Each structure stands twice: as structure tokens, then as C-alpha cells.
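S.K.: sequence and predicted structure below; questions after.
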Amino acid sequence: MTVPQAETEAVDRRSLHERIAADLRDDIMSGELAPGANLPSTARLKERFDASNATVQKALQLLKEESLVVGRAGAAVTVREHRQRRVRPAALTAPGRWLTEAAKHGTHARSALREVAEVIPPADVRAAFGLPADGTALLRAQLLLIDDEPAELAHCYYPLDIARGTALMERRRIKGGATALLTEVGHPPRHSVDRVSARIPTQEQYQALRLTSSTPVLRTLRVVHSDGEAPVEVTVMVKAGHLYELQYEFDA
């Protein structure tokens with residue numbers, strides 16, 4: 001009997017060194033290969049993956065570029081201390097929480113303002129605001145850095161009728177953050193909804209986050225409401241997918 005095509009396994013069309021890197025990356029992220037542990041020898045990796053020495057070295061080079069392992073040719077390759085961070089999205093809605101969370105782990109966080117402009121937002125942002133195809137909103141784009149390494153690219157959008165005449169329109173940091181400003185002008189954030197998806201990075205995301213391979217990014221669309229139905233802020237946050245783990249907690 002012929003097996004329906006939908007029930008057959010898809011062919012992995014990635015190059016062999018990318019597939020090897022993917023399996024080793026999973027071993028590292030799951031803790032199978034702990035920080036400080038040596039990766040299996042080149043000989044063992046060649047046997048495990050039925051690959052040539054050159055192919056194994058190309059796979060290891062990918063992991064080195066992602067800062068997951070360290071080592072040089074002819075020496076043992078070691079798993080670096082994990083840079084993967086566990087993020088609790090609900091805990092990061094309050095102003096300044098990125099700084100607080102970073103300090104808990106002995107790191108330093110700061111943000112760099114990249115752009116302030118009236119723009120036509122992406123389609124999902126326009127849909128959240130109820131804007132037409134040519135509708136505009138205020139964009140405040142910033143890059144969050146932890147220990148001077150890019151951690152998150154955030155594009156924050158605001159309705160123009162709320163933003164005009166406020167510090168949101170100015171190319172400078174806002175004292176107390178946007179949340180405090182929205183509260184001052186009568187639109188205190190009350191409720192947020194996150195939609196998280198994994199995607200291949202865009203050119204802007206690749207460059208801003210200093211990515212070194214096409215590993216997916218985590219894209220969060222956060223819609224923030226005040227006391228009314230219309231959103232007062234919509235933010236698109238993008239993080240390197242292999243560096244973050246999202247933790248959600250629910251009461252039974």
C-alpha cells in the first residue's frame with residue numbers, strides 16, 4: 001500500500017554541516033552537553049554523523065560563531081557558559097524590569113535609541129491599532145544590550161493622537177519610561193497580550209542583533225491596552241532564538 005505523502009517524513013535539505021550543528025546545538029541547549037564539558041572528539045563526531053573531517057569542522061565553526069563553544073583546531077572544543085536566558089514575559093511588562101532582571105544575574109543592561117519617526121507600521125501592528133493600509137503611528141525603535149551584547153530589538157508603536165505633544169515624539173530617553181508617560185497623560189497600561197512566533201531573521205534583525213547564522217529569532221507582538229478598547233502601545237520585540245527560553249506560569 002502506498003503511504004500518503006502527508007504521512008511521510010520530510011527530507012532535511014540542509015547541508016550536512018548545518019544538520020550536525022543543529023543536533024549539537026540541541027545537546028547544548030538541553031544540558032546534555034553542560035557548560036565546561038568537552039564536545040566529543042572529531043573522530044567520534046565523524047563516526048556519529050558519517051561525515052568528513054572538513055564537514056565536522058564547518059559544523060563546529062558555526063557553533064563557535066554563535067558563541068556556544070570555544071576551542072581551536074587540534075584542541076578540545078568546550079561548551080561555553082550558557083548565555084541562554086530564561087525570560088518570564090509577564091514579569092517584564094513593568095518599567096525598568098529588564099534592568100532589575102539583568103542585575104539579578106550579575107549583568108548590566110542598557111538600551112540604545114535607534115529611531116523615532118512617524119511610519120506606516122507592519123500589517124499586524126496596523127491590525128492591532130485598527131489602522132488602514134496607509135495608516136501611520138509613532139515608532140520608537142531601540143536596542144537592548146546586556147553586558148554590551150545585543151539582546152533584543154524592540155520597535156514600539158504609539159497612536160499619534162496620544163503621542164503628539166509628548167516626549168514620545170522626541171529623540172531622547174523618556175524619564176521613567178514610556179509606561180510612566182502613558183500613565184501621566186491618562187492612559188495607564190492595564191492589560192497586555194503577547195503573541196510569540198519563531199521566524200528567520202530579517203536583514204535588519206540579523207545586523208542589529210549581530211547574528212552569525214540563520215537560526216530563528218523569537219518575535220513577540222505585544223499589544224497593550226489601557227482602560228479603553230483601543231491599544232495604547234504595540235511593540236514588536238525580537239530576540240535571538242537560541243539565546244532565550246520563555247517560561248510561562250499558570251494556576252491550575
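M.R.: In hand now; what should we look at? Numbers count the residues shown, from 1 in each chain.
S.K.: what's the distance between the nearest residue to residue 108 once chain neighbours are set aside and residue 65?
M.R.: Of all residues not flanking residue 108 in the chain, residue 147 sits nearest, at 5.8 Å (Cβ to Cβ, 6 or more residues apart in numbering). From N, CA and C alone the C-beta is placed, and that goes for glycine too. Relative to residue 65, residue 147 is positioned 18 Å away (Cβ to Cβ, to the nearest Å).
S.K.: kindly report the same for residue 222.
M.R.: For residue 222, the distance to residue 65 equals 30 Å [Cβ to Cβ].
S.K.: when those two are compared, which one has more neighbours?
M.R.: Set side by side, residue 222 and residue 65 show more neighbours around residue 222, with 21 against 13, by other Cβ atoms under 10 Å.
S.K.: grab the nearest non-local neighbour of the more buried one.
M.R.: Nearest non-adjacent residue to residue 222, counting by Cβ to Cβ, 6+ apart: residue 235, 4.6 Å away.
S.K.: and the strands in the stretch 51-200 of the chain?
M.R.: Along the stretch 51-200 of the chain, the stretches classed as strands by DSSP state E, counting those that start in this stretch are 69-70, 78-79, 85-87, 109-119, 137-146, 149-158, 191-199.
S.K.: show me what counts as buried in the longest one.
M.R.: It stands for strand 109-119. In terms of neighbour count (16 or more other Cβ atoms under 10 Å), strand 109-119 has its buried residues at 109, 111, 114, 116.
S.K.: least confident of these?
M.R.: In this model, the minimum pLDDT among the buried residues of strand 109-119 belongs to residue 109 (83).
S.K.: I figured it hits residue 145, correct?
M.R.: Yes - counting by Cβ atoms under 8 Å, residue 109 touches residue 145, with 6.9 Å between them.
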